[in-house]
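Novice: Below: sequence and its predicted model.
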Amino acid sequence: MSRVSLAITFLATLFLAGCAEDQFAAQQAVLAQSIAAEQPGDYFIGRRLYRRNYFFWGYIRKPQQPWSQAQLVMLNEQKTLAPDRAANAIGSDNNIEYRLKGYFSGQTVYEPASNRFYPEFVLTGYQVISGNPPQIFRDPNATDPNRLYIDKPE
């Protein structure tokens, strides 16, 4: 009896994992269509990725560029404060998607918790696109602020 139970549990796990993969693939297909429909222009798309132990801001990409090509950036706020800092609520905008105005300075900034250098983005303006955007990470826990692993969008 225990072998049958074990086999059923194993098959159920495989089935559920397959469903999750299919759901992510379907979401990615819809996301790819919406990215392709974006208007080209002098702006960027940003997705906030807040982590309690890190100082990077999140991922930024050009319009019509897939999230897999986005860069994890450090934000220069000398011209405009980041949305969460302007609201005096650090991290409150985790996983919010923005239309960003600004530019890459060409400099890199050291982030001590990850021991890495990230490109610097000088923020000059922003507008919320979505407070509940489509998933860009395979792992559903990727937006957990307590997570130590730095996920990459797909």
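Specialist: Cool, the structure landed.
Novice: Do me a favour and get the backbone dihedrals for residue 83.
Specialist: Backbone torsions for residue 83, taken as degrees, to the nearest 10, come to phi -50, psi -40.
Novice: Could you report the distance from the residue positioned nearest the centre of the chain to residue 78?
Specialist: Most central in the chain under CA atoms, centre = their mean is residue 47, positioned 4.7 Å from the mean C-alpha point. To residue 78, residue 47 is 22 Å away according to CB to CB, to the nearest Å. C-beta here means a position set from N, CA and C on the backbone, and glycine is covered the same way.
Novice: Give me the next element, helix or strand, following the least confident helix or strand in the chain by mean pLDDT.
Specialist: Within the chain, no helix or strand scores below helix 2-36, which has a mean of 65 by mean pLDDT, DSSP states H and E. Once helix 2-36 ends, the next helix or strand along the chain (criterion: DSSP states H and E) is strand 44-48.
Novice: For that next one, list the C-alpha coordinates in PDB.
Specialist: What follows is strand 44-48, C-alpha atoms only, in PDB (Å, rounded to 0.1, in the frame of the first residue of the first chain):
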ATOM      1  CA  PHE A  44      12.200  52.800 -20.200                       C
ATOM      2  CA  ILE A  45      10.100  50.100 -18.500                       C
ATOM      3  CA  GLY A  46      11.100  49.400 -14.900                       C
ATOM      4  CA  ARG A  47      10.100  46.700 -12.500                       C
ATOM      5  CA  ARG A  48      10.800  47.300  -8.900                       C
END
